[in-house]
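Novice: Dropping the sequence and predicted coords here.
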Amino acid sequence: MTVTADAPGGRIHSSDPFATPEDERSPVRRLRGRLAAPVTLWTAPGPQGLTVSSMLVADGDPGRVLGLIDAESDLWDSIDESGYFAIMPLGPEDRQLADRFAGLMPAPGGLFAAGEWVSTPYGPVLAADGAWAGCRLASSRECGWALLVEGIIEAISFARDTAPLIHYRGRYIDR
């Protein structure tokens, strides 16, 4: 909730009063916002990381992941240079972590200063988190505002089962 000072004592809003009004947003963005998306953290050697919700996993031999990554991000620079990255589905307890890696919250000491991280050839992964997958970069190409990044899954770990953190219409929701 947001508090504004337009009335004595302020007024509490259930939405962001600074957000672009819905009727002024791109129709494509409005459609995408109506699709629930898993919140994941992608990391790469360097270390670098970024919150990614535009992604999917494709079963097969080998399995693959596809994601939309900002071509100007530090994460993409590290993936492009190393050829490897890790993905971690986040849970409801990871909201602040997701915001920190999305650049929506301060990260004093750097993105990896908080929490316990384990170094892998694919990038750092959370020490006590649920699942993660180590991927080798297969391809990338321009796709709309981003790069469509395809990775081949080379390693998977399931430390514990956790409910997913979901992004829907600009907010996180719990399952």
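Specialist: Perfect, I can see it now. Not measured: the values here are computed from a predicted model. Numbers count the residues shown, from 1 in each chain.

Novice: What number of residues are in the vicinity of residue 23?
Specialist: A count of nearby residues for residue 23, using other Cβ atoms under 10 Å, gives 6. Glycine gets a C-beta too; all of them are placed from N, C-alpha and C.

Novice: Surely it forms part of a helix?
Specialist: Yes. Assigned with DSSP: H, G, I helix; E, B strand; the rest coil, residue 23 falls within a helix.

Novice: At which residues are the strands of the chain located?
Specialist: 2-4, 11-13, 37-38, 40-44, 48-52, 55-58, 64-69, 84-89, 117-118, 125-126, 131-143, 146-158, 165-168, 171-174 (DSSP state E).

Novice: In CSV: those, plus distance to residue 100 and mean pLDDT.
Specialist: Listed next are the strands of the chain as CSV, based on distance: least, Cβ to Cβ, whole Å; pLDDT from 0 to 100:
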stretch, distance to residue 100, mean pLDDT
strand 2-4, 20, 47
strand 11-13, 24, 58
strand 37-38, 18, 92
strand 40-44, 10, 97
strand 48-52, 8, 97
strand 55-58, 19, 96
strand 64-69, 17, 97
strand 84-89, 14, 97
strand 117-118, 13, 94
strand 125-126, 13, 94
strand 131-143, 18, 97
strand 146-158, 20, 96
strand 165-168, 13, 91
strand 171-174, 13, 82
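
Novice: tell me the most buried of the ones you listed?
Specialist: Sort those by mean neighbour count, taking mean count of other Cβ atoms under 10 Å, and strand 40-44 sits at the top with a mean of 27.

Novice: which residues are contacting it?
Specialist: Under the contact criterion Cβ atoms under 8 Å, 6 or more residues apart in numbering, strand 40-44 has outside partners 49-53, 55, 67, 69, 75, 78-79, 82, 84-90, 94, 97-98, 101, 122-126.

Novice: Same list (the strands of the chain) but as a markdown table, adding distance to residue 19.
Specialist: Shown next, in a markdown table, are the strands of the chain (distance: least, Cβ to Cβ, whole Å):
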| stretch | distance to residue 19 |
| --- | --- |
| strand 2-4 | 10 |
| strand 11-13 | 10 |
| strand 37-38 | 18 |
| strand 40-44 | 24 |
| strand 48-52 | 19 |
| strand 55-58 | 24 |
| strand 64-69 | 21 |
| strand 84-89 | 27 |
| strand 117-118 | 33 |
| strand 125-126 | 30 |
| strand 131-143 | 25 |
| strand 146-158 | 21 |
| strand 165-168 | 15 |
| strand 171-174 | 11 |
